[in-house]
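>>> Would you be able to build a 3D model of this:
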Amino acid sequence: MKKPPFTLKASILRTVLSVLLVIALGLAVLGYYLGYQSVAKYTKQVNEVVLKAHTSSTNIGTIGGNLEATLSDKTAILASIDTLTAPTASFQGQAITDLNGYATKSGLTIADIATGGDPAAAGATAVVAPAGTQTVTVTLAPTVSYASLLKFIMYVENSAPKMQINGLDITRSATEGGDSVAVAPLTIGVYTK
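Presented below is the predicted three-dimensional model:
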């Protein structure tokens, strides 16, 4: 006997289509779930990168603020260093003004101030001035108080712009008593730039 050819009945077709529909629906749900998981993972990575960028931006802002503060501190230091030397072109006027002020504060009288030239010609002890200095020769009154002279020397040595006494020759005054001394003209080096 011959088997009849396979015929597709409606009930079998309905069952096959229902199974295929369930499989397709299952695959769609699985695809949605896997896609959602992939997007969620990517979103998490993006959020971490954004957080790191924000943190870096904040750190850069903090570093920038610290750098500005540091630079302003350095500017103040550089400005104070700049006051240690006098400009070569204007050192004479500034040195004369400063030395007269120091003498007044010390209670001394300056008889003469000579800038440049030969200190030995003014009666001062000839001393070779260090490089970067200009010479000023100061002649004080014939006799001065030793304490006042020490104050004057302190003011000169602690001055800004920096000055340094290069030559000093003092002797006890023979004509006046007490702490009076006779001072040869002082050779003072003024640091210039």
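>>> In three-state terms, label Gly178 for me.
What DSSP: H, G, I helix; E, B strand; the rest coil gives for Gly178 is coil.
>>> ok, Glu157 - contacts?
163-165 (C-beta atoms under 8 Å, 6 or more residues apart in numbering). No exception for glycine: its C-beta is placed from N, CA and C like everyone else's.
>>> Of those, just the buried ones, ChimeraX syntax please.
Selecting the buried subset of the contacts of Glu157 in ChimeraX, with 16 or more other C-beta atoms under 10 Å as the burial test, is done by:
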select :163
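>>> Which pLDDT value goes with Ala40?
You'll see Ala40 listed with a pLDDT of 93.
>>> what about the host helix or strand of Glu48, distance to the chain center?
Counting by DSSP states H and E, the element that carries Glu48 is helix 10-82. Here the centre of helix 10-82 is set off from its chain's centre by 40 Å, with C-alpha atoms, centre = their mean, to the nearest Å.
>>> Quick one: name whatever helix or strand follows it.
Assigned by DSSP H and E, the successor of helix 10-82 is helix 91-106.
>>> buried set for whichever helix or strand comes after that next one?
Counting by DSSP H and E, the next helix or strand C-terminal to helix 91-106 is strand 110-115. Residues of strand 110-115 classed as buried: 110, 113-114 (neighbour count, 16+ other C-beta under 10 Å).
>>> And for strand 110-115, what's in contact with it?
Strand 110-115 has contacts (C-beta under 8 Å, 6+ apart) with 91-92, 95-96, 99-100, 103, 122, 134-142, 185.
>>> Separate out the buried members of those.
91-92, 95-96, 99, 103, 122, 134-140, 185.
>>> State the distance from Ser38 to Lys44.
Distance of Ser38 to Lys44, computed by C-beta to C-beta, to the nearest Å: 11 Å.
>>> And the contacts of Glu157, which is closest to Lys193?
Using C-beta to C-beta, Met163 is the member of the contacts of Glu157 that sits closest to Lys193, with 14.0 Å.
>>> Pretty sure the closest one sits against Thr192.
No. If you go by C-beta atoms under 8 Å, Met163 and Thr192 don't touch, sitting 10.6 Å apart.
>>> for the chain, longest strand please?
What stands out as the longest strand in the chain, according to DSSP state E, is strand 133-140.
>>> angle of that one against strand 110-115?
Counting by axes from the mean of the first three to the mean of the last three C-alpha atoms, to 10 degrees, strand 133-140 points 160 degrees away from the direction of strand 110-115.
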